[in-house]
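In: Requesting a structural model of the entry that follows:
(4 chains)
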There are 2 protein chains.
Amino acid sequence: MQYQTGRKSSQPDKRGEILQAAATQFAENGFAAVSIRDLARAVNTTPAALYHHFSGKEAIYRATLEFVFSDKARATSDLAKGQEAPEVMLERLIVWLTRQFSDNPIMTRLLQRELLTGDKERIKLLTKEVVAAPFREIESLMRRLAPDHDDTLSAVSVLSLVLGYVELTPVLEEMTGQPVTHERDMAFANHASHLVLQGLSPQPDAGKVQ
Amino acid sequence: MQYQTGRKSSQPDKRGEILQAAATQFAENGFAAVSIRDLARAVNTTPAALYHHFSGKEAIYRATLEFVFSDKARATSDLAKGQEAPEVMLERLIVWLTRQFSDNPIMTRLLQRELLTGDKERIKLLTKEVVAAPFREIESLMRRLAPDHDDTLSAVSVLSLVLGYVELTPVLEEMTGQPVTHERDMAFANHASHLVLQGLSPQPDAGKVQ
DNA sequence: GTAACCTTACTGAACGATCGTTAAGCTAAC
DNA sequence: GTTAGCTTAACGATCGTTCAGTAAGGTTAC
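Out: From the prediction side, this is the model:
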């Protein structure tokens, strides 16, 4: 195979192309199982060429995370800016979260891998750049919606429902015998919305809990 | 370092010792990031010695999964054998699930890694050996507890809540600034129990949903 | 206008380290 | 004497990384 050489002969954004391929491979196989040569092959270049754009494998991985997670946190705040009743906003939020996860499998898998790897420093970054802002939005929404409950616990429940569903998807497919379609995702999102709405809103006939 | 040689000089269950060390390392770092030499070092032996007990790295990994997951499915059925009201049983179940996950980090991380890796065949095995039985128990419990709802969706919600909470634990620690203690786990379990109980049980004042 | 030079974006080749695995030999228990 | 349970040594493959060189563009000097 012939590689191109010289300056302007290459694509305008080789770095972005590398990161896209790296995201796909790291998401699928994890950091250790992806070699520099795998990445080079995926973008039709040589291992050494990658060292022109990045200082090493770790640097590629870090840049990949930034590439995939950047601006992910911003979208939730738009969701929260709506003027509707909090009940409507919660349902919209859960549907949106579910769709985000199932429509972006690469981002989702990288997120799950980062949560699993547990490196203190990277978790800190992930929290700050991706999770914190949406989490605070959900907390404040739940504070309005379920004033009787600890808002942190309520927010954790909402996030857990969606994240856990995504995590369970493969066994769910195996157990039901049918693939998890977009419709199934939405059915769960509706179920979860109802669950949280009825489960945490103040109940007139029951004594206050906690 | 001197290795022992000969037949009975070694420990009675070297195989079990290897699997225990393998479980720890595979859970922590994943399959690709653990080398045969790492495993050998952890049990004070040589790489070649491992090939006396197992046919290769893959075989060690498979045996490790079996070692860690065996009999995990049985315990739920004991939970479900209780004669108490389904409300009590659900709470007990959620508390027990939460404790299982947080008390067995190695099992939990291996489970999460298996869910993530997504190899069709291993997911099938994981489903059959670990998830299926508890899931069916939860389904039947939810059928009694929330007859108005799809029992599969209800069971998924219960499992998602606990599994998602465990998955979120690292960012939760980072965000609250304090470690997730046993008490915090139980606080979440109680919160989740209340959520599911009030969220899915039939509501006299509301029209049937779905 | 063009020759000289610099910079960018690569190339092929190789470095030492580590990978999973195997072969051959030894020792102690049965 | 057989065999289980190791040992040391080494195999070829692959790993992340580096190095010297090269081709194509842009910039500057004349």
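
In: most centrally placed residue in chain A?
Out: A:Thr108 (4.0 Å; C-alpha atoms, centre = their mean).

In: do you know how far it is from chain B?
Out: 10 Å (C-beta to the nearest C-beta, to the nearest Å). Backbone N, C-alpha and C define where each C-beta goes, glycine included.

In: how about the closest residue to that residue other than its chain neighbours, what does it touch?
Out: In space, and not counting its chain neighbours, A:Thr108 is closest to A:Phe101: 4.8 Å by C-beta to C-beta, 6 or more residues apart in numbering or on different chains. A:Phe101 makes contacts with A:Thr108, A:Val162, A:Leu163, A:Val166, as judged by C-beta atoms under 8 Å, 6 or more residues apart in numbering or on different chains.

In: right, and the residue nearest to the centre of chain A touches A:Val166 too?
Out: Yes - assessed by C-beta atoms under 8 Å, A:Thr108 is found in contact with A:Val166 at 6.1 Å.

In: what touches both of those two?
Out: By C-beta under 8 Å, 6+ apart, the residues touching both A:Thr108 and A:Val166 are A:Phe101, A:Ser102.

In: Return the residues in contact with A:Ser154.
Out: A:Ile138, A:Glu139, A:Met142, A:Leu145, A:Ala146, A:Val196, A:Leu200, B:His191.

In: of the contacts of A:Phe101, buried ones?
Out: Among the contacts of A:Phe101, those scoring as buried are A:Thr108, A:Val162, A:Leu163, A:Val166 (criterion: 16 or more other C-beta atoms under 10 Å in any protein chain shown).

In: which residue ranges form the helices in chain A?
Out: A:14-29, A:36-42, A:47-53, A:57-69, A:74-80, A:86-103, A:105-117, A:120-126, A:132-145, A:151-176, A:182-200 (DSSP state H).

In: so which of the ones you listed comes closest to B:Leu126?
Out: Closest to B:Leu126 of these is helix A:151-176 (C-beta to C-beta; 6.7 Å).

In: who's in contact with the helix or strand bottoming out on mean pLDDT in chain A?
Out: When each helix and strand of chain A is scored by mean pLDDT, DSSP states H and E, helix A:74-80 comes last, with a mean of 76. Residues outside helix A:74-80 that contact it (C-beta under 8 Å, 6+ apart): A:Met89, A:Arg92, A:Leu93, A:Trp96, A:Gln100, A:Ala133, A:Pro134, A:Glu137, A:Ile138, A:Ser140, A:Leu141.

In: Around the last one, count how many other residues there are.
Out: Spelled out, that is A:Leu141. The tally of other residues near A:Leu141 (other C-beta atoms under 10 Å in any protein chain shown) stands at 20.

In: likewise the first one?
Out: By the criterion of other C-beta under 10 Å, A:Met89 has 19 neighbours.

In: so who does it touch?
Out: With C-beta under 8 Å, 6+ apart, A:Met89 has these contacts: A:Leu79, A:Ala80, A:Gly82, A:Leu141.

In: buried subset of the residues you listed?
Out: The buried subset of the contacts of A:Met89 (16+ other C-beta under 10 Å) comprises A:Leu79, A:Ala80, A:Leu141.

In: From A:Phe101, how far out is the second one?
Out: As defined by C-beta to C-beta, to the nearest Å, A:Ala80 lies at a distance of 18 Å from A:Phe101.

In: and what of the last one?
Out: When C-beta to C-beta is applied, the distance between A:Leu141 and A:Phe101 equals 19 Å.

In: before we move on, the earlier item: what's the farthest-apart pair in the buried ones among the contacts of A:Phe101?
Out: A:Thr108 and A:Val162 (10.5 Å).

In: Low-confidence regions, chain A specifically.
Out: Within chain A, the stretches with pLDDT under 70 are A:1-11, A:204-210.

In: please redo it, this time with the cut-off set to 90
Out: Within chain A, the stretches with pLDDT under 90 are A:1-13, A:71-84, A:118, A:200-210.

In: Got the domain ranges for it?
Out: Listed domain ranges for chain A are A:14-68, A:71-200 (source: automatic domain parsing).

In: Could you export these as JSON lines, including distance to DNA strand C?
Out: Output for these, formatted as JSON lines (distance: least, C-beta to the nearest atom of the strand, whole Å):
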{"stretch": "domain A:14-68", "distance to DNA strand C": "3"}
{"stretch": "domain A:71-200", "distance to DNA strand C": "18"}
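
In: Distance to B:Ala40 added to the ones you listed, as TSV?
Out: Compiled in TSV, those are given as follows (distance: least, C-beta to C-beta, whole Å):
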stretch	distance to B:Ala40
domain A:14-68	18
domain A:71-200	24
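
In: nearest to chain B, of the contacts of A:Met89?
Out: A:Leu141 (15.4 Å; C-beta to the nearest C-beta).

In: okay but that closest one is in contact with A:Glu87, surely?
Out: No - look at A:Leu141 against A:Glu87 with C-beta under 8 Å: they stay out of range, at 10.0 Å.

In: If you tally nearby residues, what's the number for the nearest residue to A:Gln198 once chain neighbours are set aside?
Out: Closest residue to A:Gln198 apart from its sequence neighbours, by C-beta to C-beta, 6+ apart: B:Gly199 at 4.7 Å. Neighbour count for B:Gly199, taken as other C-beta under 10 Å: 24.

In: tell me the contacts of B:Gly199?
Out: B:Gly199 sits in contact with A:His194, A:Leu195, A:Val196, A:Leu197, A:Gln198, A:Gly199, A:Leu200, where contact means C-beta under 8 Å, 6+ apart.

In: which of the residues you listed lies closest to chain B?
Out: Nearest member of those to chain B, counting by C-beta to the nearest C-beta, is A:Gly199, at 2.6 Å.

In: show me what contacts the residue nearest to the centre of chain A?
Out: Taking C-beta under 8 Å, 6+ apart, one finds A:Phe101, A:Ser102, A:Val166 in contact with A:Thr108.

In: picking that back up, okay, the contacts of A:Ser154 in JSON lines with distance to B:Asn29 and neighbour count next?
Out: Converted to JSON lines, the contacts of A:Ser154 look like this (distance: C-beta to C-beta, whole Å; neighbours: other C-beta atoms under 10 Å in any protein chain shown):
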{"residue": "A:Ile138", "distance to B:Asn29": "32", "neighbour count": "26"}
{"residue": "A:Glu139", "distance to B:Asn29": "33", "neighbour count": "18"}
{"residue": "A:Met142", "distance to B:Asn29": "36", "neighbour count": "24"}
{"residue": "A:Leu145", "distance to B:Asn29": "41", "neighbour count": "22"}
{"residue": "A:Ala146", "distance to B:Asn29": "40", "neighbour count": "22"}
{"residue": "A:Val196", "distance to B:Asn29": "36", "neighbour count": "25"}
{"residue": "A:Leu200", "distance to B:Asn29": "38", "neighbour count": "25"}
{"residue": "B:His191", "distance to B:Asn29": "33", "neighbour count": "24"}
